[in-house]
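S.K.: any chance you could fold what I've pasted below:
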Amino acid sequence: MNKTRASGRTVGGLRTLTLQAPAVTLLMLWMIVPLGMTIWFSFQRYNLLMPDMTGFAGLENYEYLLTDPALWSAMGTTLLLVGWVLAITVVGGTLLAVLFQQEFAGRGIARVLAISPFFVMPTVSALVWKNMMMHPSNGVLAWLAESLGLPALDWFSSLPLTSIIIIVSWQWLPFALLILLTAMQSLDEDQVEAARMDGAGPIAIFFFITLPHLKRAISVVIMIEMIFLLTIFAEIFVTTSGGPGLATTNLAYLIYIRALLDFDVGIASAGGVIAIILANIVAIFLVRMVAKNLED
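M.R.: I've put the predicted structure just below:
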């Protein structure tokens, strides 16, 4: 006869496993079924425009992708997009966190306004930047340029990738600010005051006290942002549609082109598998980096 422990679990953990089984099973199916179907289709000839061409393709889909210049262009674009957005949000978030930690009139309102862009949906923010900020005729930036006697710039034609980087950075900067500002709350003010009494200036305090204190929080920001930035899609779809040419086509948008514009499910699935492998490599690296910072 099983005896119930004080925690409510039966001896051997049978009751706990019974309660956990439905959720764990659903979670496993939620992950394994789409992954299994993606891997299966990546080895198949499956083009919706040519329904008669079916069957096992072996590694043909992967060979086609790996020899396609569009894949390497998309991977380069993805790296540039992720790298620049991380640099802007981490540096900008750190500086803004230090600023908003200081006492000034209206600090609470300023914090709310600075964090609010993070809650705007990507599609909405892309439309706002496309039609209200970067429009070559009616945009705010065009008006500012004309006010200074400069020609208006068609951002999405002249600087397409830069435009996407600005939009995505505007969305993710509040996230970095929120995490880093929260970390700033635990900074020992006595340590900062002692440094001031020893003659340390603001720059020395920032580099030798504040920045080391934010090291773990910065690692968390980099890890979370990089996972999401690898799958940026809505901003590209709404503004440039991957163009001009392949100038703003990242890996996620290339998979969309192969699947829903070329209707080649096999090649799109192979691209998805490649994206999964790259994402897992990045995740392993980031988890180790965060774990190392936590140990320090």
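S.K.: would you list every one of the strands in the stretch 51-200 of the chain?
M.R.: Assigned by DSSP state E, counting those that start in this stretch, the stretch 51-200 of the chain shows no strands.
S.K.: quick check: closest non-adjacent residue to D264.
M.R.: N47 (4.8 Å; Cβ to Cβ, 6 or more residues apart in numbering). Every C-beta, even on glycine, is put in place using the N, C-alpha and C of the backbone.
S.K.: does that neighbour really touch G55, like I thought?
M.R.: No: assessed by Cβ atoms under 8 Å, N47 is found out of contact with G55, at 11.7 Å.
S.K.: the two - which one has more neighbours?
M.R.: N47 (18 against 8; other Cβ atoms under 10 Å).
S.K.: now for that one: which residues touch it?
M.R.: 53, 262-266 (Cβ atoms under 8 Å, 6 or more residues apart in numbering).
S.K.: so how do I select the buried members of those in ChimeraX?
M.R.: Here is the ChimeraX selection string for the buried members of the contacts of N47, based on 16 or more other Cβ atoms under 10 Å:
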select :264,265,266
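S.K.: from the contacts of N47, which has minimum pLDDT?
M.R.: The member of the contacts of N47 with the lowest pLDDT is M53, at 84.
S.K.: tally of neighbours for the closest residue to it other than its chain neighbours?
M.R.: Nearest non-adjacent residue to M53, counting by Cβ to Cβ, 6+ apart: R45, 5.1 Å away. For R45, the number of neighbouring residues by other Cβ under 10 Å comes to 19.
S.K.: distance of R45 relative to L261?
M.R.: 18 Å (Cβ to Cβ, to the nearest Å).
S.K.: same check on D188?
M.R.: Taking Cβ to Cβ, one finds D188 at 55 Å from L261.
S.K.: walk me through the domains of this structure.
M.R.: 1-42, 61-295 (automatic domain parsing).
S.K.: residue ranges with poor pLDDT in the stretch 1-150 of the chain?
M.R.: 1-15 (pLDDT under 70).
S.K.: how does it look with 90?
M.R.: Counting by pLDDT under 90, the stretch 1-150 of the chain has low-confidence residues at 1-25, 27-31, 48-55, 58, 101-108, 137-138.
S.K.: all helices for it, in order.
M.R.: Here the stretch 1-150 of the chain has its helices, by DSSP state H, counting those that start in this stretch, at 14-42, 60-66, 69-101, 107-115, 122-128, 140-147.
S.K.: which of these sits closest to M226?
M.R.: Proximity to M226 (Cβ to Cβ) singles out helix 69-101 among these, at 6.0 Å.
S.K.: on the three-state scheme, G245 is what?
M.R.: coil (DSSP: H, G, I helix; E, B strand; the rest coil).
S.K.: helix, strand, or coil at I232?
M.R.: Applying three-state DSSP: I232 is coil.
S.K.: for the nearest residue to P117 once chain neighbours are set aside, what are its contacts?
M.R.: Leaving aside its chain neighbours, P117 sits nearest to P174 (5.1 Å; criterion: Cβ to Cβ, 6+ apart). Contacts here follow Cβ under 8 Å, 6+ apart; on that basis P174 touches 114-118.
S.K.: just give me the closest of the contacts of N47 to S169.
M.R.: D262 (30.7 Å).
S.K.: L19 versus the closest one, what's the distance?
M.R.: 46 Å.
S.K.: do A270 as well
M.R.: 40 Å.
S.K.: those two: which is more packed in?
M.R.: Applying other Cβ under 10 Å to A270 and L19 shows that A270 carries more neighbours, namely 29 against 12.
S.K.: tell me which element that one falls in.
M.R.: A270 belongs to helix 265-295 when assigned by DSSP states H and E.
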